[in-house]
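Participant: Provide a 3D model corresponding to the input given below.
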Amino acid sequence: MKKISLIIPLFNTEKYISRCIQSCLNQNISKDDYEIIVVNDGSTDNSASIVKSYLEKNDNIIIINKTNEGVSSARNVGIETSKGEYILFVDSDDTIEENSLKPIVFEANKLSSEIIILNSKIYENGLLSKIVYKFPNGLSGKTLSGIVLFNKGYLRGSVCGVVFKKQFILNYKLRFNEKIKNGEDSLFMTMTFLYANSVSHLNLDFYKVTIREKSASRIWDLKK
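Facilitator: A predicted model of the protein is given here:
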């Protein structure tokens with residue numbers, strides 16, 4: 001069994017996917033300990049071909065091709081396919097910090113928490129813009145239930161930068177709602193907090209969000 005599964009939903013991000021994959025490979029743990037699952041959600045550009053170019057030299061990368069049904073469907077396929085004890089979601093236009101998986105595995109082994117929150121930062125034009133979803137002061141290092149943490153004011157609108165124990169997701173049959181096109185992360189995080197008895201924070205800079213004007217989360221209209 002793998003320790004960690006990195007699940008990457010892919011749709012038409014040929015300008016970014018190589019950088020994303022490379023950041024997931026720039027880790028100092030054995031490739032036998034983690035897998036990179038890329039779920040190609042019907043891309044029409046060169047994204048899938050770029051991922052395939054990594055397959056020969058990296059046997060811990062898996063690509064799954066499917067028809068376009070949205071990010072929620074792609075993530076759900078990734079969950080079903082994953083063989084890791086823990087799951088991390090990474091968007092195909094973002095990156096993770098170099099050599100960050102080793103301390104995550106160490107912390108996961110020590111705490112065995114159902115959810116571990118990591119630090120996420122937004123970058124614009126390659127420069128740090130701001131820290132997002134900052135964990136409440138004084139609570140880092142403690143293990144809380146999701147409801148207690150929610151009641152203390154911690155809200156989170158992204159699943160990226162969060163470690164989920166796979167068995168916890170399976171036990172409560174937690175999946176992304178494929179019928180909604182916006183806010184699927186917020187709904188999933190709310191459901192996980194509802195059921196989680198053990199949520200902890202690891203003060204580790206892990207997730208690097210790239211601001212991309214045409215990404216689905218940046219496009220807003222009245223219908224959404």
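Participant: Flag the shaky bits of the chain, pLDDT-wise.
Facilitator: 212-224 (pLDDT under 70).
Participant: Spatially central, which residue of the chain would that be?
Facilitator: Centroid check for the chain by CA atoms, centre = their mean gives Phe89 as the closest residue, at 1.7 Å.
Participant: That residue contacts Ile7, correct?
Facilitator: Yes: here Phe89 reaches Ile7: they are 5.2 Å apart, a contact under CB atoms under 8 Å. Heads up, the C-betas are built off the backbone N, CA and C, glycines and all.
Participant: Residues that sit against both of those two, list them.
Facilitator: By CB atoms under 8 Å, 6 or more residues apart in numbering, Phe89 and Ile7 have these common neighbours: Arg75, Gly78.
Participant: I'd say Ser82 and Glu35 touch.
Facilitator: Yes: contact criterion CB under 8 Å: Ser82 and Glu35 qualify, at 7.3 Å.
Participant: who touches both of the two?
Facilitator: Common neighbours of Ser82 and Glu35 (CB under 8 Å, 6+ apart) are Lys2, Ser5.
Participant: CA atoms only for whichever strand or helix holds Tyr207, dumped as PDB, please.
Facilitator: Following DSSP states H and E, one finds Tyr207 within strand 199-210. Provided in PDB are the C-alpha atoms of strand 199-210 (Å, rounded to 0.1, in the frame of the first residue of the first chain):
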ATOM      1  CA  VAL A 199      -8.300  17.400  12.600                       C
ATOM      2  CA  SER A 200      -4.800  18.700  13.100                       C
ATOM      3  CA  HIS A 201      -2.500  21.400  11.600                       C
ATOM      4  CA  LEU A 202       1.000  20.900  10.300                       C
ATOM      5  CA  ASN A 203       2.900  24.200  10.100                       C
ATOM      6  CA  LEU A 204       4.400  23.300   6.700                       C
ATOM      7  CA  ASP A 205       4.400  25.400   3.600                       C
ATOM      8  CA  PHE A 206       3.000  23.000   1.100                       C
ATOM      9  CA  TYR A 207       0.600  24.200  -1.500                       C
ATOM     10  CA  LYS A 208       1.300  27.000  -4.000                       C
ATOM     11  CA  VAL A 209      -1.700  28.400  -5.800                       C
ATOM     12  CA  THR A 210      -1.200  30.000  -9.200                       C
END
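Participant: The residue nearest to the residue nearest to the centre of the chain when sequence neighbours are not counted - how many residues pack around it?
Facilitator: Sequence neighbours aside, Val159 is the residue nearest to Phe89 in space, at 4.8 Å (criterion: CB to CB, 6 or more residues apart in numbering). For Val159, the neighbour count with other CB atoms under 10 Å is 21.
Participant: same question, the one 5 residues further on
Facilitator: Burial of Phe164, expressed as a neighbour count using other CB under 10 Å, amounts to 24.
Participant: tilt between the strand or helix carrying Val105 and strand 199-210?
Facilitator: For Val105, the element it lies in under DSSP H and E is helix 101-111. Calculated by axes from the mean of the first three to the mean of the last three CA atoms, to 10 degrees, helix 101-111 forms an angle of 160 degrees with strand 199-210.
Participant: Any buried residues in helix 101-111, and which?
Facilitator: Using 16 or more other CB atoms under 10 Å as the test for burial, helix 101-111 gives Leu101, Pro103, Ile104, Val105, Glu107, Ala108.
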